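Student: sequence? don't have it. structure:
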């Protein structure tokens with residue numbers, strides 16, 4: 001080929017290559033005529049015509065064994081539903097099973113590795129320089145065995161690291177169960193408390209209505225002015241406004257409890273607070289005993305200890321990779337040739353010592369990294385131990401404070417009830433003012449709210465202390481010792497219960 005023709009062909013090829021590389025294909029769309037993406041950042045993407053919306057997740061249902069009592073759920077039912085339906089427990093359980101599988105995979109290092117291979121190869125050579133063309137087909141299976149016979153702890157370190165990771169995952173699963181139980185209990189108590197506040201506020205509305213009727217009666221006989229009536233109406237409107245607000249709060253608390261149970265917020269249900277609330281009493285265990293128990297039994301702290309042990313085992317694994325290892329290898333094969341009648345077996349076997357010499361200091365730095373990570377894991381464990389101690393200490397005295405608040409709020413509502421009765425009688429008799437009556441009524445409404453809030457704080461504080469001490473079981477109960485003497489309860493008519 002003339003040189004100038006070759007040069008022109010080469011130039012044309014370069015131009016064609018440049019044109020093809022500059023004409024990149026458009027971005028692929030999902031089909032149905034829809035673009036790959038929106039035409040501009042401020043524009044919406046148009047889906048394909050007839051495209052179906054993503055199917056919603058199946059609605060979580062109530063288990064059949066609980067559906068029969070869905071309108072009177074106890075604390076045990078609430079905790080049971082939460083543990084079944086909350087995705088956090090399912091995720092922690094799946095992680096634990098994955099860690100178990102990883103532990104099983106790590107123990108495979110103690111067994112030989114055996115691989116098989118089957119090949120079929122066609123060969124054809126051209127006839128050149130007096131050689132005839134050759135065409136043949138070679139086939140045959142083969143097997144290869146490799147077995148690590150001995151090393152300086154690298155294999156055992158990897159297995160121990162995986163075992164400690166499994167223990168950490170299992171302890172984390174237990175900690176997740178305790179967290180879910182606590183969340184369900186807090187939502188349960190909040191729902192009951194908003195119901196009690198709603199009932200107490202209805203009583204306050206009823207009292208405000210009675211006060212207004214008393215003011216109107218006194219005005220009709222000329223013993224009061226229109227100002228008394230207007231103040232009574234204002235107090236009634238304020239009480240009704242608070243009642244409306246509480247009704248919305250109760251619905252919100254109801255939805256929050258349903259979500260904590262893994263159900264949808266609009267699922268029809270109700271709770272049985274009478275059978276679910278234990279008598280209020282003081283804790284009899286000392287704070288030192290509860291702290292010692294938490295340090296021993298908190299699952300998240302046990303998981304941190306397992307993580308630290310896994311980090312220590314990782315050092316052994318990395319250190320072992322820097323030392324010699326003894327390995328046995330073997331191969332056997334059968335080779336056959338089609339149409340030539342030649343075939344035969346072959347094998348080889350050997351034992352070798354692998355001696356790592358130098359890889360750019362990679363192994364040395366990996367060991368340093370493992371040692372520093374182990375130090376960090378130990379520090380994390382110590383930090384968590386300090387947090388656990390503080391959490392138990394704080395929850396213990398919060399429970400003691402809540403216990404005293406319950407007794408004080410009981411005394412407060414009793415005195416406020418008597419004060420309101422006296423103020424109403426004095427006002428009807430014409431020796432008291434409407435301001436005195438409204439002040440007494442406001443103090444009674446506040447006292448009723450304090451009673452409910454103090455009881456809510458006690459139940460939540462007990463659940464928090466049980467959780468922090470590692471004493472919260474999967475049924476929502478606890479074996480923390482409480483004093484046999486219960487806090488004096490207030491009269492049933494003072495705070496109507498749900």
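Tutor: Thanks, I have it. Values in this document were obtained by computation on a predicted structure and should not be read as measured data. Numbers count the residues shown, from 1 in each chain.
Student: burial measure for the nearest residue to residue 134 once chain neighbours are set aside, as a count.
Tutor: Nearest in space to residue 134, with sequence neighbours left out and distances taken as Cβ to Cβ, 6 or more residues apart in numbering, is residue 125 at 4.6 Å. No exception for glycine: its C-beta is placed from N, CA and C like everyone else's. Using other Cβ atoms under 10 Å, residue 125 is surrounded by 11 other residues.
Student: the helices in the stretch 101-250 of the chain, which residues?
Tutor: 154-220, 226-260 (DSSP state H, counting those that start in this stretch).
Student: Quick check: the residue nearest to residue 134 touching residue 131?
Tutor: Yes: the pair residue 125 / residue 131 is scored as a contact, 7.5 Å apart, by Cβ atoms under 8 Å.
Student: ok, now how distant is residue 252 from residue 177?
Tutor: For residue 252, the distance to residue 177 equals 26 Å [Cβ to Cβ, to the nearest Å].
Student: Tell me which of the two has more neighbours.
Tutor: Neighbours per residue, other Cβ under 10 Å: of residue 252 and residue 177, the larger number sits with residue 177, 22 against 14.
Student: now the chain, which segments are flagged as low pLDDT?
Tutor: For the chain, the stretches with pLDDT under 70 are 1-24, 32-33, 50-61, 130, 340-341, 485-498.
Student: Try it again at 80.
Tutor: By pLDDT under 80, the low-scoring segments of the chain are 1-36, 47-63, 125-134, 273-276, 339-343, 484-498.
Student: which strand is the longest one in it?
Tutor: When the chain is parsed with DSSP state E, its longest strand is strand 134-150.
Student: Distance from it to the middle of the chain?
Tutor: 50 Å (Cα atoms, centre = their mean, to the nearest Å).
Student: So residue 38 lies in a helix, does it not?
Tutor: No: Residue 38 is assigned coil when assessed by DSSP: H, G, I helix; E, B strand; the rest coil, not a helix.
Student: Count residues in the vicinity of it, would you?
Tutor: By other Cβ under 10 Å, neighbour count at residue 38 equals 11.
Student: That one contacts residue 47, correct?
Tutor: No: contact criterion Cβ under 8 Å: residue 38 and residue 47 do not qualify, at 11.0 Å.
Student: ok, the closest residue to residue 190 other than its chain neighbours - contacts?
Tutor: Excluding its sequence neighbours, the residue lying closest to residue 190 (Cβ to Cβ, 6+ apart) is residue 253, at 4.9 Å. Shown in contact with residue 253 (Cβ atoms under 8 Å, 6 or more residues apart in numbering): 187, 190, 191, 193, 194.
Student: One more: residue 295?
Tutor: Contacts of residue 295 by Cβ under 8 Å, 6+ apart are 301, 385, 388, 389.
Student: Same check on residue 160?
Tutor: When contacts are counted by Cβ under 8 Å, 6+ apart, residue 160 touches 309, 310, 313, 316.
Student: mind running it again at 6 Å?
Tutor: Taking Cβ atoms under 6 Å, 6 or more residues apart in numbering, we find residue 160 in contact with residue 313.
Student: again with residue 381
Tutor: Counted by Cβ under 6 Å, 6+ apart, residue 381 has contacts 304, 305, 308.
Student: Near the second one, how many other residues are there?
Tutor: Residues near residue 305, counting by other Cβ under 10 Å, number 18.
Student: any idea how far it lies from residue 456?
Tutor: 35 Å.
Student: One more: the first one?
Tutor: With distances defined as Cβ to Cβ, the gap from residue 304 to residue 456 amounts to 32 Å.
Student: Pick out whichever of those two has more residues nearby.
Tutor: The neighbour comparison of residue 304 against residue 456 (other Cβ under 10 Å) goes to residue 304, with 23 against 19.
Student: For the more buried one, give me the backbone phi and psi.
Tutor: phi -70, psi -40 (degrees, to the nearest 10).
Student: I'd guessed it sits against residue 384; true?
Tutor: Yes: at 4.9 Å, residue 304 counts as touching residue 384 under the criterion of Cβ atoms under 6 Å.
Student: that older thread, max pairwise distance over the contacts of residue 295: which two?
Tutor: 301 and 389 (10.2 Å; Cβ to Cβ).
Student: In terms of neighbours, single out the busier of these two.
Tutor: When neighbours are counted by other Cβ under 10 Å, residue 301 and residue 389 differ, and residue 301 comes out ahead with 20 against 16.
Student: next one: phi and psi at residue 294?
Tutor: Residue torsions, per degrees, to the nearest 10, at residue 294 are phi -60, psi -40.
Student: er, residue 483 I mean
Tutor: The phi/psi pair for residue 483 (degrees, to the nearest 10) is phi -70, psi 140.
Student: Can you tell me how far it is from residue 403?
Tutor: Going from residue 483 to residue 403 by Cβ to Cβ gives 9 Å.
Student: joint contacts of those two?
Tutor: residue 282.
Student: Of these two, which one has the most company?
Tutor: Neighbour count, other Cβ under 10 Å: between residue 483 and residue 403, residue 403 has more, with 22 against 11.
Student: What helix or strand is that one located in?
Tutor: For residue 403, the host element (DSSP states H and E) is helix 362-429.
Student: Tell me the helix or strand right after that helix.
Tutor: Helix 362-429 is succeeded, C-terminally, by helix 434-468 (DSSP H and E).
Student: which parts of that following helix are buried?
Tutor: Neighbour-count burial for helix 434-468 flags 434, 436-438, 440-445, 447-468 (criterion: 16 or more other Cβ atoms under 10 Å).
Student: angle of it against helix 226-260?
Tutor: 10 degrees (axes from the mean of the first three to the mean of the last three Cα atoms, to 10 degrees).
Student: tell me the angle helix 434-468 makes with helix 362-429.
Tutor: Using the same axes, to 10 degrees: helix 434-468 against helix 362-429 is 150 degrees.
Student: Residue 135 reaches residue 125, doesn't it?
Tutor: No: look at residue 135 against residue 125 with Cβ under 6 Å: they stay out of range, at 7.8 Å.
Student: burial measure for the residue nearest to residue 224 when sequence neighbours are not counted, as a count.
Tutor: Distances taken as Cβ to Cβ, 6+ apart put residue 218 closest to residue 224, at 3.7 Å, once the chain neighbours are dropped. The burial count assigned to residue 218 is 18, neighbours taken as other Cβ under 10 Å.
Student: With residue 430 instead?
Tutor: 10.
Student: Chain neighbours aside, what residue packs nearest to it?
Tutor: Per Cβ to Cβ, 6+ apart, closest to residue 430 is residue 223, 5.4 Å.
Student: right, and that neighbour touches residue 429 too?
Tutor: No: checked against Cβ under 6 Å, the pair residue 223 and residue 429 is beyond contact range at 9.7 Å.
Student: more crowded one of the two?
Tutor: Each of residue 223 and residue 429 has its neighbours counted (other Cβ under 10 Å); residue 223 has more, 14 against 9.
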